[in-house]
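In: no sequence on hand, only this structure:
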């Protein structure tokens with residue numbers, strides 16, 4: 001009955017109607033707080049509070065960071081959408097689940113009965129709302145009480161399919177290869193209200209403005225800033241092209257990278273971007289897409305603040321993985337370096353977290369499922385790979401129990417501690433970076449005897465060891 005009731009309520013919200021339910025609203029129990037989980041697609045650490053890029057404009061995220069715990073050393077489990085998102089919602093690393101690729105369906109590997117995060121919420125009596133992209137594929141439909149319609153999030157404009165085709169405003173021609181089909185950017189003059197993320201935002205706002213059955217788990221997934229970065233013109237115009245700073249580059253950066261690491265680099269994309277004099281244009285468009293996502297996020301957070309749920313709703317904001325924009329002569333994701341792995345992570349738990357607290361200890365997105373199990377008193381799931389972040393939410397100076405493990409494919413893994421990143425390639429090839437002295441990962445220390453003990457310690461965490 002509750003599912004049918006909620007679908008009716010959500011449908012009214014989607015059409016902008018007031019929510020008036022004849023059924024009494026379920027009372028939230030203190031042990032079951034609501035959850036608003038906001039996830040971006042391909043957003044790296046170019047947000048203001050992380051000082052990720054000097055030109056970035058993220059006022060809403062920066063303001064929320066002052067109300068939440070900032071996990072400034074957070075890392076995804078894989079530099080691709082599907083394995084990263086699968087790790088978040090199953091609590092299993094790719095090396096445990098076997099899910100490394102975007103075309104794998106987690107249900108085919110783990111089985112339809114595997115208890116995912118939304119499953120556990122639903123079993124605890126939560127109303128589950130999927131608003132946008134959360135899974136990359138293999139959608140666990142029964143676990144959601146309502147799914148806001150997903151348009152094709154890979155279509156050319158990030159807007160509805162019926163809109164007129166927009167020309168390639170970034171590169172003069174599409175780039176060949178598997179990564180080139182959506183690798184362009186520019187401004188669109190269609191109404192902002194046609195953009196997918198705008199419509200998803202409107203749905204989330206209407207849900208929060210309505211008479212929601214509690215407790216609820218609202219998953220708000222934005223497409224932005226995933227390429228193609230074609231955004232409403234006003235966002236692009238916020239960034240003066242001549243003032244855009246290019247990422248720091250070391251001329252001989254690739255000289256000490258093993259061949260298996262070099263094989264991950266899509267240098268042709270970078271060469272084409274430079275050839276068409278579009279490097280700054282690409283960064284400008286990516287920053288504009290981040291600004292657009294920030295605006296959508298701010299409106300949802302404002303709706304929550306003005307709702308009766310504000311004091312009983314956990315908020316988590318993160319991204320599935322990062323993105324290269326020319327660093328190491330690479331564009332897009334799919335590497336094991338910091339640029340593709342480091343992500344924003346903000347968590348606010350009413351009554352628990354101190355506003356503006358900062359945790360500099362390394363955390364992994366695989367920790368989010370056990371954290372929510374802990375905070376929301378959900379049924380436990382045995383043998384999860386992560387650990388609850390409750391200790392760090394209470395006291396951000398408490399060290400975490402494990403490094404962040406990220407995987408590209410079988411035999412290609414990264415181990416990130418508070419200070420160091422080790423990358424191992426099977427059967428040979430390795431990298432080691434000291435982030436205290438080398439935040440750009442320019443100098444591979446894997447063969448430096450001064451780091452032998454550090455390397456040996458990190459190798460122990462490689463999957464299979």
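Out: Arrived safely, thanks for sending. Everything quoted here is computed from the prediction, not taken from an experiment. Residues are numbered from 1 along each chain as shown.
In: going forward, measure contacts between C-alpha atoms and count neighbours the same way
Out: Fine.
In: now do residue 188 against residue 194, distance only.
Out: Counting by CA to CA, to the nearest Å, the gap from residue 188 to residue 194 is 11 Å.
In: do residue 118 as well
Out: According to CA to CA, residue 118 and residue 194 sit 29 Å apart.
In: so these two - more neighbours on which side?
Out: Set side by side, residue 118 and residue 194 show more neighbours around residue 118, with 26 against 16, by other CA atoms under 10 Å.
In: mind checking the pLDDT average for the one helix or strand that one maps to?
Out: Take DSSP states H and E as the rule and residue 118 turns out to sit in helix 117-123. For helix 117-123, mean pLDDT is 95.
In: SS state for residue 440?
Out: At residue 440 the chain is in coil, as set by DSSP: H, G, I helix; E, B strand; the rest coil.
In: measure it to residue 429 for me?
Out: Residue 440 is 20 Å from residue 429, by CA to CA.
In: quick one: which of those two has more around it?
Out: Remark: of residue 440 and residue 429, residue 440 carries more neighbours, 20 against 15, as counted by other CA under 10 Å.
In: tell me which residues touch that one, please.
Out: By CA atoms under 8 Å, 6 or more residues apart in numbering, residue 440 lies in contact with 248, 338.
In: if I look at it, how far off is residue 367?
Out: Distance from residue 440 to residue 367, by CA to CA: 25 Å.
In: before we move on, what about residue 288?
Out: Remark: distance between residue 288 and residue 367 (CA to CA) = 30 Å.
In: more neighbours: which of these two?
Out: residue 288 (30 against 20).
In: pLDDT score assigned to the more buried one?
Out: Listed pLDDT for residue 288 reads 95.
In: check the one 5 residues further on too.
Out: Each residue has a pLDDT score; the one for residue 293 is 97.
In: same deal with residue 317?
Out: pLDDT, residue 317: 98.
In: just to confirm, which helix or strand has it in it?
Out: Using DSSP H and E, residue 317 sits within strand 313-319.
In: so residue 408 sits in a strand?
Out: Yes: judged by three-state DSSP, residue 408 forms part of a strand.
In: surely it is in contact with residue 79?
Out: Yes: the pair residue 408 / residue 79 is scored as a contact, 6.5 Å apart, by CA atoms under 8 Å.
In: who has more neighbours out of those two?
Out: A count of neighbours by other CA under 10 Å puts residue 79 above the other of residue 408 and residue 79, at 30 against 22.
In: please name every helix or strand in contact with the strand holding residue 317.
Out: Packing partners of strand 313-319 (3 or more CA pairs under 8 Å, 6 or more residues apart in numbering; DSSP states H and E): strand 34-40, strand 345-348.
In: elements contacting whichever helix or strand comes after it?
Out: Counting by DSSP H and E, the element after strand 313-319 in chain order, helix or strand, is strand 324-325. The contact analysis (3+ CA pairs under 8 Å, 6+ apart) places strand 324-325 against strand 331-332.
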